[in-house]
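J.: Based on what follows, work out the 3D shape:
(one chain, ligands or ions: 2)
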Amino acid sequence: MASGVWHMEKRSSIRNDSFVDRGDSEGSLECGSLSIIVLGASGDLAKKKTFPALFNLYRQGFLPPSEVHIFGYARSKMTDDELKNRIHGYLVPSKNATPELSDDVSAFLRLIKYVSGSYDTEEGFQLLDGDITKYECEQNSQGVSRRLFYLALPPSVYPSVCRMISLCCMDKSKNGGWTRIVVEKPFGRDLESAEQLSSQIGELFDESQIYRIDHYLGKELVQNLLVMRFANRFFLPLWNRDNIANVQIVFREDFGTEGRGGYFDQYGIIRDIIQNHLLQVLCLVAMEKPVSLKPEHIRDEKVKVLQAVDRIKDEDVVLGQYEGYRDDPTVPNTSNTPTFATVILRIHNERWEGVPFILKAGKALNSRKAEIRIQFKDVPGDIFKCKKQGRNEFVMRLQPSEAIYMKLTVKQPGLEMSTVQSELDLSYRQRYQGVVIPEAYERLILDTIRGDQQHFVRRDELKAAWEIFTPLLHRIDDGQLKSIPYKPGTRGPTEADTLLENAGYIQTHGYIWIPPTL
Ligand code: NDP
Ligand code: BG6
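T.: Numbers count the residues shown, from 1 in each chain. Ligands and ions are numbered 1, 2, ... in the order given. As a prediction, the model looks like this:
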């Protein structure tokens, strides 16, 4: 296992602010004992994301074994070893396995204890509290206990689980300790259910104790957005309706719902991706400069953008469903649930009036990627006939292979005075060789331990996000908007491309950005 300090120095080269505690209480790992409780430990998210993220934090010295203990909790009857066997294979991809890593895995697994119990009775939670307290006493934590409850559970059980935690499992520190709750999306199905959930949890915990996770806010290039926009003179004068023709925020997956059809069919692509992940990215693209980097100042600006979004019109929406989606036995044969959607949002403020923000997300498409594409207007008084080469674009590729590139017109190298489209390219793999970019969940869990809520969704932000999408979602649920079938492995319904064109997006034909290879 590496020393935390060494890695802090190393990693701080890509993310300085993550190591500053701005929280509601002591966030330092040097203070008292830390118990991380994964509720729903038997589930898919826990094994694929939560435990691997904890393992990586452990390996990098952020979870010293002398201070940290990890508890899994779920209804399934399992021994500690059965839980460990279940998650073991997900901690290290087999291609990376080394003897050193395998020692780390064994040491990490020794930190884990499993407790079985229900989500709505006190018995299991009292047992859990007893185990945490016992461990805290053994740690000689000097009365400072820090308890992080990660709800890797369906939202339907959040209220009862939060009630049980508040009744049975709160930290008992006199000062310096804390109890925090991490909740996953989807947080509600619409405005009303989200508000109800917020009120139920809000009666039990303060906002400063609740971390609503949206893992897109933990992605490297999403976190880079504020820096790009507000630390570079280039962008300051250009970032507005005078220069920008349209903005696209795109999520594409080249696989379908894969065993999650039952869950997905209740939500659909708008609730699964657009209302949260893409809308959070939109906020960071469109918000005004915050007064400071304090989490509340940033979140204040995000809320203002959301509140300025106009009501979505049906003609600004194309929905699709891939052929074969209903073959999943957990999906009804008559399902109209969209697995693809393009939705145009319009922001009614001084900076963005008239600029379409095109949010597009789809499953079972022809590629996997997520990107932000800012397309600029044509050059006025164009003496070079640039139009035929295509417009300037600024692209941030969030995944795979993080990159930022600017498409621009240059003189065609050679004798002739002709122009061609080219790019200024910042490909991270090439520019930051050897720098490990952490998984989103790693950063976000570390933030929760440090008490930094900057990259988490505040209650009023969530409300404003649901206000934008709820009327549209209800029209879809009522069958007023239909999903158009599309073939898996394609770009989705062609109607979506027409919608983009009508919104003013001009695709550059013949230009392909080829990411550099090492
Ligand atoms: P699972 O369906 O795997 O559920 C997690 C655990 O919760 C299960 O192992 C089960 O444990 C318990 N559980 C399941 N259904 C119920 C129920 N109806 N009532 C009570 N307990 C139940 O979910 P995931 O792990 O996939 O997701 C957990 C949360 O994370 C969800 O909110 C999901 O939307 C969110 N999420 C998941 C992602 C993923 O990739 N899986 C990605 C992003 C968010 P037991 O029966 O042992 O108690
Ligand atoms: C989750 C969605 O929130 O994000 C999944 O529920 C989706 O449907 C996933 O596959 C995508 O995350 P990423 O980080 O792979 O883009």
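J.: Next up, the contacts around the residue in the chain that ligand 1 sits nearest to.
T.: Among all residues of the chain, Gly43 sits closest to ligand 1, at 2.4 Å; criterion: CB to the nearest ligand atom. All C-beta atoms are positioned from the backbone trio N, CA, C, and that covers glycine. Each residue near Gly43 by CB atoms under 8 Å, 6 or more residues apart in numbering is listed here: 74, 152-153.
J.: if I look at the nearest residue to Gln142 once chain neighbours are set aside, how far off is Asp447?
T.: For Gln142, ignoring the flanking residues on the chain, the nearest one in space by CB to CB, 6 or more residues apart in numbering is Gly32 at 6.5 Å. For Gly32, the distance to Asp447 (CB to CB, to the nearest Å) stands at 19 Å.
J.: who has more neighbours, these two?
T.: Counting neighbours by other CB atoms under 10 Å for Gly32 and for Asp447 shows that Asp447 has the greater number, 25 against 22.
J.: Isn't the more buried one up against Pro438?
T.: No - if you go by CB atoms under 8 Å, Asp447 and Pro438 don't touch, sitting 11.4 Å apart.
J.: how close does Asp80 get to Gly43?
T.: Distance from Asp80 to Gly43, counting by CB to CB: 17 Å.
J.: cool, Glu402 as well?
T.: Glu402 sits 29 Å away from Gly43 when distances are taken as CB to CB.
J.: With Ala231 instead?
T.: Spatial separation of Ala231 from Gly43 under the definition CB to CB is 40 Å.
J.: do the same with Leu127
T.: When distances are taken as CB to CB, Leu127 and Gly43 turn out to be 20 Å apart.
J.: in which helix or strand would I find the nearest residue to Thr330 once chain neighbours are set aside?
T.: Taking CB to CB, 6+ apart, and ignoring the residues beside it in sequence, Thr330 has Gly262 as its nearest neighbour in space, at 3.4 Å. Assigning secondary structure by DSSP states H and E places Gly262 in helix 261-269.
J.: For that helix, list the C-alpha coordinates in CSV.
T.: Once non-C-alpha atoms are left out, helix 261-269 reads as follows in CSV (Å, rounded to 0.1, in the frame of the first residue of the first chain):
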residue,chain,number,x,y,z
GLY,A,261,-34.0,-3.7,-18.1
GLY,A,262,-36.4,-4.0,-15.1
TYR,A,263,-34.9,-0.9,-13.5
PHE,A,264,-34.4,1.0,-16.7
ASP,A,265,-38.0,0.5,-17.9
GLN,A,266,-39.3,2.4,-14.9
TYR,A,267,-37.1,5.3,-15.6
GLY,A,268,-36.0,5.7,-19.2
ILE,A,269,-33.0,7.5,-20.7
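J.: what about that helix and ligand 2, touching?
T.: No - Helix 261-269 stays out of contact with ligand 2 when judged by CB under 6 Å from any ligand atom, the minimum separation being 6.9 Å.
J.: packing partners for that helix?
T.: Applying 3 or more CB pairs under 8 Å, 6 or more residues apart in numbering; DSSP states H and E, one finds that helix 261-269 makes contact with strand 340-346.
J.: how much does the strand it packs on deviate in direction from helix 261-269?
T.: The directions of strand 340-346 and helix 261-269 differ by 30 degrees, with axes from the mean of the first three to the mean of the last three CA atoms, to 10 degrees as the criterion.
J.: What residues sit buried inside strand 340-346?
T.: By neighbour count with 16 or more other CB atoms under 10 Å, strand 340-346 contains the buried residues 340-346.
J.: Ok, stretch 436-444 next?
T.: Within stretch 436-444, the residues that qualify as buried are 437-444, counting by 16+ other CB under 10 Å.
J.: Contacts for stretch 109-121, please.
T.: Residues from elsewhere that reach stretch 109-121, judged by CB under 8 Å, 6+ apart: 39, 41, 58, 63, 65, 68-80, 82-84, 88, 123-125, 127-128, 131, 135, 153, 157, 160-161, 164.
J.: Please identify the buried residues of that stretch?
T.: Residues 109, 111-117, 119 are the ones in stretch 109-121 that count as buried (16+ other CB under 10 Å).
J.: between those, which is nearest Ile358?
T.: For the buried residues of stretch 109-121, the residue nearest Ile358 by CB to CB is Tyr119; the value is 40.0 Å.
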